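Participant: I would like to see how this sequence folds:
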Amino acid sequence: MNLKRPAFTMIELVMVIVVLGVLAALAMPRMERDLRQEAGDNILSAIRYTQHLALTDNKTNPDSLNWQRAFWQIRFSNPGGEWLYSIGSNRDLGNNLDQNESAVEMNSGKFLHSANASPADDDESPDIFLTNKYGINSVVLNACAGTAGLTPNHIAFDYLGRPHRGVTQGASNNFRTLIHSNSPDCTITFGFADGSTNLVINILRETGYAFIQGQPNS
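Facilitator: Residues are numbered from 1 along each chain as shown. Prediction:
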């Protein structure tokens, strides 16, 4: 006995291929948005981690005029043309973050890079490499400026979680580096090599509350 087995017709196969193509085209922009969001989540988490370290480590020292330089801070730099961030505290009150001054997370590694470009060394967190991971090709800190004429590259926090600017450029014990109520909020703008929409993170004056612009509850 011959039994006829049902099968797809050529038209049905073509329609399935067309539908899959449309779904793939819709998914591609979604993947780009996810990469941008992943970058935002990473950087925002790093800023909040820096603030957390500051809240739990009071650097007030009446015996030193420059004690505010020791505030926990997050810095953005581009050694070798690749953007990355570092988190640390200048315990020696110098201008540079040393390896022994870096923040360390048990499951990740040091938040400080010792070479000129990626990849990370074994003891360094891979999360710090913004160009390598997300294609970020520019970082601009607005209203976070320190001393006039110097390019700001960091934001620091005190033991109350309040944001400070320019602590490596002559900070003293008078809290003049505090981003106070008469100052604009600090914004950090990240550009992408593929032309994706800029990512902007806001850090509110006085409170230091940080969030992704357009996502106040982020």
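
Participant: Would you check that F129 makes contact with E82?
Facilitator: Yes - between F129 and E82 there is a contact under C-beta atoms under 8 Å: 6.7 Å. The way it works is simple: take the backbone N, C-alpha and C, and place the C-beta from them, glycine included.

Participant: out of these two, which sits in the more crowded spot?
Facilitator: F129 (20 against 17; other C-beta atoms under 10 Å).

Participant: Quick check: beta-bridge partners of that one?
Facilitator: Beta-bridge partners for F129, by DSSP bridges, are L84.

Participant: Same question for Y49, what's its three-state structure.
Facilitator: What DSSP: H, G, I helix; E, B strand; the rest coil gives for Y49 is helix.

Participant: Just give the nearest non-adjacent residue to it, would you?
Facilitator: I87 (6.7 Å; C-beta to C-beta, 6 or more residues apart in numbering).

Participant: Now do the same contact list for the one you found.
Facilitator: Counting by C-beta atoms under 8 Å, 6 or more residues apart in numbering, I87 touches 46, 49-50, 53, 72-75, 102-103, 111-112.

Participant: So which of the residues you listed are in helices?
Facilitator: 46, 49-50, 53 (DSSP state H).

Participant: ok, for Y159, nearest residue in space, not its chain neighbours?
Facilitator: Counting by C-beta to C-beta, 6+ apart, Y159 lies nearest to N58, which is 4.0 Å off, once chain neighbours are set aside.

Participant: Dump the strand or helix carrying G88 to CSV, keeping only the CA atoms.
Facilitator: G88 is part of strand 84-89, with elements assigned from DSSP states H and E. C-alpha atoms of strand 84-89 as CSV (Å, rounded to 0.1, in the frame of the first residue of the first chain):
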residue,chain,number,x,y,z
LEU,A,84,39.8,51.5,30.7
TYR,A,85,38.9,52.4,34.2
SER,A,86,40.8,52.0,37.5
ILE,A,87,39.5,52.0,41.1
GLY,A,88,41.7,52.8,44.0
SER,A,89,42.8,55.0,46.9
